[in-house]
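> Whatever this is, show me its structure:
(chains A, B, C and D)
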Number of protein chains: 4
Amino acid sequence: MKFHAVRAMSRRLAAPLSDADATVQSMPDASPAKWHLAHTSWFFEAMVLEPFAPSYTPFDAGYAFLFNSYYEALGARHSRQRRGMITRPALEAICDYRDHVDRAIDRLCRDEPSERIDALIELGCHHEQQHQELLLTDILHLFAQNPLHPAYKDYAPDEGDGESAPLGFVRFAAGIGEIGAGDEGFAFDCERPRHRVIVSPYRLADRLATNAEWMEFISDGGYLQPLLWMSEGWAKCCGEQWTGPLYWEERDGEHWTMTLSGWRRVDPAAPVVHVSYFEADAFARWSRRRLPIEAEWELASQSRPVSGNLLESGRLAPAPAGRGGLRQMFGDVWEWTSSAFSPYPRFRPAQGAAGEYNGKFMCGQFVLRGGSCATPESHIRSTYRNFFPPDARWQFSGVRLAEDDDDA
Amino acid sequence: MKFHAVRAMSRRLAAPLSDADATVQSMPDASPAKWHLAHTSWFFEAMVLEPFAPSYTPFDAGYAFLFNSYYEALGARHSRQRRGMITRPALEAICDYRDHVDRAIDRLCRDEPSERIDALIELGCHHEQQHQELLLTDILHLFAQNPLHPAYKDYAPDEGDGESAPLGFVRFAAGIGEIGAGDEGFAFDCERPRHRVIVSPYRLADRLATNAEWMEFISDGGYLQPLLWMSEGWAKCCGEQWTGPLYWEERDGEHWTMTLSGWRRVDPAAPVVHVSYFEADAFARWSRRRLPIEAEWELASQSRPVSGNLLESGRLAPAPAGRGGLRQMFGDVWEWTSSAFSPYPRFRPAQGAAGEYNGKFMCGQFVLRGGSCATPESHIRSTYRNFFPPDARWQFSGVRLAEDDDDA
Amino acid sequence: MKFHAVRAMSRRLAAPLSDADATVQSMPDASPAKWHLAHTSWFFEAMVLEPFAPSYTPFDAGYAFLFNSYYEALGARHSRQRRGMITRPALEAICDYRDHVDRAIDRLCRDEPSERIDALIELGCHHEQQHQELLLTDILHLFAQNPLHPAYKDYAPDEGDGESAPLGFVRFAAGIGEIGAGDEGFAFDCERPRHRVIVSPYRLADRLATNAEWMEFISDGGYLQPLLWMSEGWAKCCGEQWTGPLYWEERDGEHWTMTLSGWRRVDPAAPVVHVSYFEADAFARWSRRRLPIEAEWELASQSRPVSGNLLESGRLAPAPAGRGGLRQMFGDVWEWTSSAFSPYPRFRPAQGAAGEYNGKFMCGQFVLRGGSCATPESHIRSTYRNFFPPDARWQFSGVRLAEDDDDA
Amino acid sequence: MKFHAVRAMSRRLAAPLSDADATVQSMPDASPAKWHLAHTSWFFEAMVLEPFAPSYTPFDAGYAFLFNSYYEALGARHSRQRRGMITRPALEAICDYRDHVDRAIDRLCRDEPSERIDALIELGCHHEQQHQELLLTDILHLFAQNPLHPAYKDYAPDEGDGESAPLGFVRFAAGIGEIGAGDEGFAFDCERPRHRVIVSPYRLADRLATNAEWMEFISDGGYLQPLLWMSEGWAKCCGEQWTGPLYWEERDGEHWTMTLSGWRRVDPAAPVVHVSYFEADAFARWSRRRLPIEAEWELASQSRPVSGNLLESGRLAPAPAGRGGLRQMFGDVWEWTSSAFSPYPRFRPAQGAAGEYNGKFMCGQFVLRGGSCATPESHIRSTYRNFFPPDARWQFSGVRLAEDDDDA
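You can find the predicted model right below:
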């Protein structure tokens, strides 16, 4: 059963963390690891056990308040920016909480099997997989605040030859296609309904933009030329004094960066990561190209297998592209698209509290596609729409260039 | 020639203002009337006279710095939020500046007629018309900060019978249509290129939402129920303690509001105005409907004459709907759509400095359609895309409901 | 009668201002000139006419709300930081308001002469004189925000030889002295009661610190060495990027500054002005001296005539010291002392609303002594305690050094 | 030797804390327990070992950056408000660090005994004792942010009869006295030099103000009447919506509060605690009395033994007063005085880095006297000057009333 595998993975991801590591919140957008572990358990409690298991006794009456994230329909909750104040319960107590919920879910599935419950458990598993990625991005952010640069996990990737594969473009014809998830199988509500779209002929880069290319962008004054940037992006760039991707630092003429394996020299051949939409967009303009529209990305990915440098590779960092064809569509880094996160035509939010999952965030965010090195393989798919505000940089977010195909 | 008519209109709109009225900036989003008068003149100076009239002598060497708005390509500029510090030059000096520019444009057109110059002058006229509307919305905002509630202009509209026309819906069939401006005639770059869109069957309200309907929304707890709101909208609503449209105040059980004609009782039959996207969207959800997609609005408006309660009516306030058919598509209030302000496929910014006009704002904003009671008639058209951030309320912005047509 | 002279002086000071100049508020600490003119009139209305002239009709019922500054006992009031939004009433209307109040005061004094009323009118006159100085410092601040650097008043001071008088120190013996105002004559409540103080032997600089000395302080890294500064001062210095006194700017290796006569080269021989307590204190530490204690200053000044470069000189800027003895004790610049603005032993606030005048500000402020080039001569005296927060720089504030006299 | 006793006490105070408890920073003014433990060790390293033990090897080269608080003379340091990001080193590693430093100090004292070193170690011990109190106040603040209200330590104080002793006043005659520390014995630099002061006849309350009295203040609208407050205090009170001491909450008509023993009903007979200067001052005004001047407090305390409800009682909360005479002068709560924290006449900061200890904070702070229930007995004395900004509430700060003795 997927449920146990997913639950076990969360524990495995938390294993390298101390109680203190798992408690601190490094910024309002990030959450403590302990909170991720507890919140994903509360989700099963609130969405499955409370409504369907009448004899269920909550592990602790105070947890619903502490670990509800943003579900207005499910009661009052602790302030988001104060999640790091909760030094108790300790990490160990949260693990007990997880066991308690797991046992109750097992009992429920055994005693009261139902499709409705299975569907909610599946939703809960996908929800937990999202938090697995966040747990990693949030720990990276936390460790990056520490001048001692602790490593989450030692990992010595094969260094390779440091050469990027040359950049090519793959052509796609104009036409009317279909995107979005059909009625079968799991998908978040925002991926539905499947619907027709019109695209003009376009070309997609056959690999992700690399650190080497980003260093050129920097050297060429990319962070100094307002005409390359969206107006709001330029204000951010100046206001927060961006001079490179998040976590980059220059030392003695070399670029270094913080990773889940600690402080490392930037690998020129690897995909650039931890860039905002604003930077991605400026980089594309500097490259005399553009970011893909989400329909373009989805149409291009529909026929490809879902595989790549995902969570299961254990690398926890993007890897240089291999050779040949359209590569790195899944895994490595989330790819910023130029599409605002808007409802698909005739979008209907899910029923009940799950209806707050996506719809209420359809404002001020941009769509990212394809998953990253921190995304579980069973979680990602061609129709998947991730979304973040245009200034977010702490996710594993990067760039695939696109352009109009004028020769078509 | 349109040029003189437009320039004269700006002066006419500023006529009721004192030097002090024309100088103060009431919030960073608004600009002083004097600044609008000067900036629109600088636009002709920078876009037309500097490049094409070699013998042109600027009126004052310091004005380019003071009156450039956001054109990075046109040099350093005064800080936006400090526009209200400029007590000198006085309003009268700015009028002299306007005359100086007007004479130079006249000379240039007489001595060096050219299509390129005509096109830029046309752009400058449309630019100035945008600022005419802003001059009015900004003065209203300023006067609303004054506890004495000064009126910009006395106006006693016919009160009518206070009855709203009943709300009906007009059906539109599914299909592939074309939106956006063609190659001929004036349009802003963001209205181009004309392109095909797919729409599902839909219905549009035959008139704007009224104050009476909004009062029902308030009474029914519209500003108190988080489930009606976008997440970011609810945070705004709570953080700024919204309880009704901007400028509304309850006194002795009645709703009053600030208008360009001073402090007035809210007219139930008139369209609601000064609501943000967040409020419009929450209202639509409460109504069990939705906001229109911009393509839906444009397809519905394509065959209609551009007429309505526009600037030339002199009312400077939205008016109750008449009877019969699809009404109020142009004028009265700008209609929020659910469409993010994104580039049309294959969008290309205008050449030169004018390329900063629209493209760099395509992020975090929503499209509004149709013009308002403060929009000049010769300025608005079916393809026109206005845009503001979702929390903006000081514009003449309102709501037309839409819904999917499931009977189709 | 002093009343008419004081009232006329305010009008004279406002004469060079346009309606717009008199309306804008350049920062929350400053107020519009129009507001100063109105508030000082309201003070007479609220403190004298309302309680003592039963037949008095207020000029405008809305003014009490607009022009009360901070008197909680006198009703609700307009928000301090929004004083610049009041474009109407116009400057002319405020002048009519002043005439209305003046006539009413005249009638009252003629019809109901009383000591109590005379005392309150005297308080109102001193209150208005304080606002005369503020009107000037606030206009200077406003004009300094304008890149065109308008001048309040043309004035070409005799340039002199640019040589500072050498710095000497005057000795004062240890002992028990008396400071504070006695029962006779006008004084603010915070100057009372007169009381005994103990002082150790000390020495006071015989003139104010000069711009030449300040340039040395800058050259020697005064704004770069945290060890010279109070902790909070250093945070301000870094946070606001101070590199010299307020209004100073370096151009081609020379220091320039904004004055009431416009943009001028800094005169090395003139006293430094527009420095905060934090800067004054750091400068004193750098000089291996200290700031005076307020008792030291008062004891030293008790026997000296109240004269100097005050408002009546018309210079409106500090002037280089002459030769001989303890100079510049009155006028030129307010002298920061190291004394917190605390109540004298057995301090009692004035009765009634006037009790809010000083007492409620005895927290977080430092005492300044001696008046400035913008202080009316009839307003200043040896016991006078001015006070501002330690980061305030827009006043005419400067430095006189002091030191312990260890040879005594 | 005092050194070992002080060092051991810090460890004892940290014993109830988990790694997570010891890591989180609940607000910028507070520091993590782990930081207190490390910083006090760094102090010995930087002030004693670095200069005097040439063979000393730092435990970790990165710690000086992490654990320097504010000593500009001792190098760059981690940002104060980011102390809670340091999840590693873990609490255990910090304990090893402490052992390392302790051993090095022992070696140094054995091998190189000197008076200069002894004096610096004594300073380090007093420094550490200050941090012992802060460790407790900061943990209380942290636990108060947790909706589960964890207790630092279970403690069931004898409840007593809940009756306050009646309030009396003790008279002190006018005269010239001496305050401040003499040359002998340990004292912080700010307590010196001893000097003469003049006092008028005064009376001091014979016990601290109680919770019962504070409840009366609340019931009588103390938090609602601006005329009771300093101007800046009233702004704070409104801005932060104060309605009672920090940590108080009303539930079903009763006052509850957070303590180091968890969530408790407020004891009416106990001294009020966790009030700011602003509240103390407003309470005194409401009581028609005033706060003591620091000289008054010191003169009154000079002849009394240093004993009371201090850290060693283990109560960790203020206790009701007993009967008879001037009580509670030492321990229970720090007593706000009306004296700004200013230098004594002829104050000289300590030599070297220790000179940054007090002098640079002599601005914007008020003096508190007498120690609290969290102050070690060997740390407090009659001349001791504690200081905090007037809005600080998380210390064990309370009120002793005073008044002028007009019958004298």
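
> Outline the domain layout of chain A.
Domains of chain A are assigned by automatic domain parsing as A:2-145, A:169-404.

> Nearest to chain C among those domains would be which one?
domain A:169-404 (13.8 Å; C-beta to the nearest C-beta). To be clear about C-beta, it is placed using only N, CA and C from the backbone, and glycine gets the same treatment.

> so what's the closest residue to chain D within the stretch 201-350 of chain A closest to, chain neighbours aside?
Proximity of the stretch 201-350 of chain A to chain D (C-beta to the nearest C-beta) peaks at residue A:262, 11.6 Å away. Nearest non-adjacent residue to residue A:262, counting by C-beta to C-beta, 6 or more residues apart in numbering or on different chains: residue A:151, 3.4 Å away.

> what pLDDT does that neighbour get?
As predicted, residue A:151 sits at a pLDDT of 97.

> ok, now which ones touch it?
Residue A:151 makes contacts with A:143, A:260, A:261, A:262, as judged by C-beta atoms under 8 Å, 6 or more residues apart in numbering or on different chains.

> how much space between it and residue A:238?
Look at residue A:151 and residue A:238: by C-beta to C-beta, to the nearest Å, they are 33 Å apart.

> and what of residue A:280?
For residue A:280 relative to residue A:238 (C-beta to C-beta), the value is 18 Å.

> which residues touch the closest residue to chain B within the stretch 301-408 of chain A?
The nearest approach of the stretch 301-408 of chain A to chain B comes at residue A:340, 3.5 Å away (C-beta to the nearest C-beta). Applying C-beta under 8 Å, 6+ apart, one finds that residue A:340 lies in contact with A:365, A:366, A:367, B:340, B:342.

> the helices in chain A, which residues?
Counting by DSSP state H, chain A has helices at residues A:2-14, A:33-44, A:50-52, A:63-67, A:91-111, A:115-144, A:211-219, A:231-239, A:277-286, A:294-301.

> Quick one: the domains of chain A as CSV, columns for mean pLDDT too.
Output for the domains of chain A, formatted as CSV (pLDDT from 0 to 100):
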stretch, mean pLDDT
domain A:2-145, 97
domain A:169-404, 97
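
> among those, which is nearest residue C:77?
Residue C:77 lies closest, by C-beta to C-beta, to one member of these: domain A:2-145, at 33.4 Å.

> Chain B contacts on the stretch 51-200 of chain A?
Applying C-beta under 8 Å from any C-beta of the partner chain, we find that the stretch 51-200 of chain A lies next to chain B at A:70, A:72, A:73, A:176, A:195, A:196, A:197, A:198, A:199, A:200.

> try 6 Å
The stretch 51-200 of chain A comes close to chain B at residues A:72, A:196, A:198, A:200, as judged by C-beta under 6 Å from any C-beta of the partner chain.

> Mind putting the residues you listed into CSV with distance to residue B:290 and neighbour count?
Below are those laid out as CSV (distance: C-beta to C-beta, whole Å; neighbours: other C-beta atoms under 10 Å in any protein chain shown):
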residue, distance to residue B:290, neighbour count
A:72, 20, 18
A:196, 20, 14
A:198, 22, 15
A:200, 28, 19
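
> Inside strands: which ones of those?
If you go by DSSP state E, these have A:196, A:198 in strands.

> now, which of the residues of the stretch 51-200 of chain A next to chain B sits nearest chain B?
Using C-beta to the nearest C-beta, these come closest to chain B at residue A:72, 4.1 Å.

> What are the neighbouring residues in contact with the closest one?
B:226, B:227 (C-beta atoms under 6 Å, 6 or more residues apart in numbering or on different chains).

> related to what we said a few turns ago, by neighbours, which of the contacts of residue A:340 wins?
Among the contacts of residue A:340, residue A:366 has the most neighbours (other C-beta atoms under 10 Å in any protein chain shown), with 28 neighbours.

> Now do the closest residue to it other than its chain neighbours against residue C:397, distance only.
Using C-beta to C-beta, 6+ apart and skipping the chain neighbours, the partner closest in space to residue A:366 is residue A:277 (4.8 Å). Per C-beta to C-beta, residue A:277 is found 48 Å from residue C:397.

> can you check residue A:354 too?
63 Å.

> Show me which of those two is the more surrounded one.
residue C:397 (27 against 20).

> Does the more buried one touch residue C:335 like I think?
No: in this structure, residue C:397 is not within contact of residue C:335 by C-beta atoms under 6 Å, at 7.8 Å.

> and residue A:28, how many neighbours does it have?
12.

> ditto for residue A:18
18.

> Which pLDDT value belongs to residue A:157?
For residue A:157, the pLDDT comes out at 64.

> related to what we said a few turns ago, what number of residues lie near the residue of the stretch 201-350 of chain A closest to chain D?
Residue A:262 has 15 nearby residues by other C-beta under 10 Å.

> That one and residue A:146 touch, don't they?
No: using C-beta under 6 Å, residue A:262 is not in contact with residue A:146, being 10.5 Å away.

> residues touching residue A:40, list them.
So residue A:40 contacts A:128, A:131 (C-beta under 6 Å, 6+ apart).

> what does the one 5 residues further on give?
Under the criterion of C-beta under 6 Å, 6+ apart, the contact list for residue A:45 reads residue A:101.

> Would you mind measuring from it to residue A:59?
Applying C-beta to C-beta to residue A:45 and residue A:59 gives a distance of 8 Å.

> Equivalent analysis for residue A:406, please.
61 Å.

> So which of the two has more stuff around it?
residue A:59 (21 against 10).

> how far away is the more buried one from chain D?
13 Å (C-beta to the nearest C-beta, to the nearest Å).

> ok, back up a step: between the residues of the stretch 51-200 of chain A next to chain B, which sits nearest residue A:66?
residue A:72 (16.4 Å).

> Now do that closest one against residue B:205, distance only.
Applying C-beta to C-beta to residue A:72 and residue B:205 gives a distance of 28 Å.

> now do residue A:183
In terms of C-beta to C-beta, residue A:183 sits 31 Å off from residue B:205.
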